[in-house]
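S.K.: Fold the following and give me the result.
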Amino acid sequence: MREILILSGKGGTGKTSLTAAFAHLASGLIICDLDVDAPDLHLILQPEKLETEHFLSGHEAIIRPDDCERCGQCADACRYDAIQGEDPPVINPLKCEGCKLCVEICPAKAIDFELNHCGDWYRSTSRFGPMVHAQLFPAEENSGRLVALLRQQARAMAEAKGLDLILSDGPPGIGCPVISALSGTDLAIIVTEPTVSGRHDLERVLELCKHFKIPAGVIINKCDLNQEQAEGIEAYCEKHQLSFIGKLPHLTAFTEAMIRGLTITEFSSNGVRESIKTIWDNILKLAAPKPVLDRAADD
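M.R.: Predicted coordinates:
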């Protein structure tokens with residue numbers, strides 16, 4: 001089973017648009033959206049949700065007003081000022097850090113400490129195949145743990161359906177969700193743009209790939225924005241023996257396709273479809289299993 005992860009060092013490089021296009025061009029795959037903090041692959045693929053599961057992580061303190069003695073000890077002890085009001089006091093979930101101090105010191109034992117419902121994740125079907133995706137609620141944490149859960153579910157689904165490819169739209173940046181998405185994957189494809197910040201963020205993601213020993217390839221999107229920077233990125237890849245997968249010009253057709261809920265390869269046929277098809281073929285070659293040498297035959 002091969003797991004291909006599409007990454008970017010920053011948002012707005014076209015990562016999700018290209019992931020959707022690759023899903024259109026591929027066959028026999030599981031599609032996975034790992035950008036759980038701000039998922040948008042579903043806006044293009046328009047999946048039909050088959051199963052919805054709650055994502056529970058961390059704990060939330062809740063005061064039972066009927067049992068509360070209004071002593072105020074919890075409010076006095078809370079350094080985050082999460083306990084507000086007096087009759088009855090309530091806990092502001094946006095301020096509560098889940099430290100459990102109020103639960104421990106409450107003389108009436110009137111504070112529950114329940115698992116926190118942070119978001120939902122879904123098993124879905126799309127016009128390109130099965131899909132696993134999620135949505136964290138605003139201001140919730142543990143996106144790295146949710147990313148790991150989605151990868152686990154995608155692998156289980158692939159095994160159950162006899163599919164050998166998982167294509168994942170990863171989170172931007174280099175934070176915890178990216179690390180969770182990257183570790184143990186087979187190939188990372190990094191989408192960058194020819195700007196100073198794009199080059200800087202590309203190098204940060206490549207360092208992360210190097211740390212986890214994950215082979216990586218590079219795509220330059222909007223390559224005609226700055227020819228000098230684009231050539232510099234290509235030279236950087238050659239110098240560091242990185243796989244340069246291809247480049248694409250800046251096209252308003254990407255936006256027009258998104259507005260219609262289509263991939264760029266479904267929407268446009270003015271040469272961009274062929275260019276993306278060539279890039280996808282290069283990715284598959286890079287992700288192909290390496291032949292295992294027969295030592296007995298060599299002997």
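S.K.: What strand or helix carries residue 177?
M.R.: Using DSSP states H and E, residue 177 maps to helix 176-182.
S.K.: Residue ranges in this protein under the pLDDT threshold?
M.R.: 290-299 (pLDDT under 70).
S.K.: Compute the distance between residue 238 and residue 18, please.
M.R.: Applying CB to CB, to the nearest Å, the value for residue 238 to residue 18 is 22 Å. From N, CA and C alone the C-beta is placed, and that goes for glycine too.
S.K.: next one: residue 105
M.R.: 53 Å.
S.K.: quick one: which of these two has more around it?
M.R.: Higher neighbour count among residue 105 and residue 18: residue 18, with 25 against 14, using other CB atoms under 10 Å.
S.K.: contacting residues around that one?
M.R.: Neighbouring residues of residue 18 by CB atoms under 8 Å, 6 or more residues apart in numbering: 6, 191, 219, 221, 276, 279.
S.K.: Separate out the buried members of those residues.
M.R.: Buried subset of these (neighbour count, 16 or more other CB atoms under 10 Å): 6, 191, 219, 221, 276, 279.
S.K.: Same list, those, but as a markdown table with distance to residue 68 please.
M.R.: Below are the buried ones among the contacts of residue 18 laid out as a markdown table (distance: CB to CB, whole Å):
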| residue | distance to residue 68 |
| --- | --- |
| 6 | 50 |
| 191 | 53 |
| 219 | 57 |
| 221 | 56 |
| 276 | 60 |
| 279 | 61 |
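S.K.: Out of those, name the ones that lie in strands.
M.R.: Under the assignment DSSP state E, these contribute 6, 191, 219 to strands.
S.K.: The stretch 151-299 of the chain: helices as residue ranges?
M.R.: For the stretch 151-299 of the chain, the helices defined by DSSP state H, counting those that start in this stretch occupy 176-182, 196-211, 227-239, 253-259, 264-267, 272-287, 295-298.
S.K.: then the fourth one to PDB, C-alphas only?
M.R.: It refers to helix 253-259. Output in PDB follows, covering the C-alpha atoms of helix 253-259 (Å, rounded to 0.1, in the frame of the first residue of the first chain):
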ATOM      1  CA  ALA A 253      -9.300  28.500 -14.300                       C
ATOM      2  CA  PHE A 254      -8.400  27.100 -10.900                       C
ATOM      3  CA  THR A 255     -10.700  29.500  -9.200                       C
ATOM      4  CA  GLU A 256     -13.400  29.100 -11.900                       C
ATOM      5  CA  ALA A 257     -13.300  25.400 -11.400                       C
ATOM      6  CA  MET A 258     -13.600  25.600  -7.600                       C
ATOM      7  CA  ILE A 259     -16.600  27.900  -7.900                       C
END
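S.K.: Okay, buried residues for it please.
M.R.: So, applying 16+ other CB under 10 Å, buried residues of helix 253-259: 254, 257, 258.
S.K.: ditto for stretch 80-94
M.R.: 82, 83, 89, 91.
S.K.: Number of residues surrounding the closest residue to the second one other than its chain neighbours?
M.R.: Right, the one you point to is residue 83. The shortest distance from residue 83 to any non-neighbouring residue, by CB to CB, 6 or more residues apart in numbering, is to residue 75 (4.2 Å). Using other CB under 10 Å, residue 75 is surrounded by 17 other residues.
S.K.: tell me which element residue 75 falls in.
M.R.: Per DSSP H and E: helix 73-77 holds residue 75.
S.K.: Next secondary structure after that helix?
M.R.: Where DSSP H and E defines the elements, the next helix or strand beyond helix 73-77 is strand 83-84.
S.K.: Each with direction, which strands does that following strand pair with?
M.R.: Strand 83-84 pairs in its sheet with strand 90-91 (antiparallel), by DSSP bridges.
S.K.: Residues contacting the strand it pairs with, please?
M.R.: 60, 61, 62, 63, 82, 83, 84, 102, 111.
S.K.: okay, now the domains of the chain?
M.R.: Taking automatic domain parsing as the reference, the chain has its domains at 2-46+127-287, 57-117.
S.K.: Point out the most buried one among the ones you listed.
M.R.: Across the domains of the chain, the average number of neighbours (mean count of other CB atoms under 10 Å) peaks for domain 2-46+127-287, which reaches a mean of 19.
S.K.: tell me how far the ends of that one are from each other?
M.R.: Domain 2-46+127-287 has its terminal residues 7 Å apart, counting by CA to CA, to the nearest Å.
S.K.: same deal with stretch 160-180?
M.R.: Termini of stretch 160-180 sit 23 Å apart (CA to CA).
S.K.: what about it, distance to the chain center?
M.R.: When distances are taken as CA atoms, centre = their mean, to the nearest Å, stretch 160-180 is centred 6 Å away from the chain's centroid.
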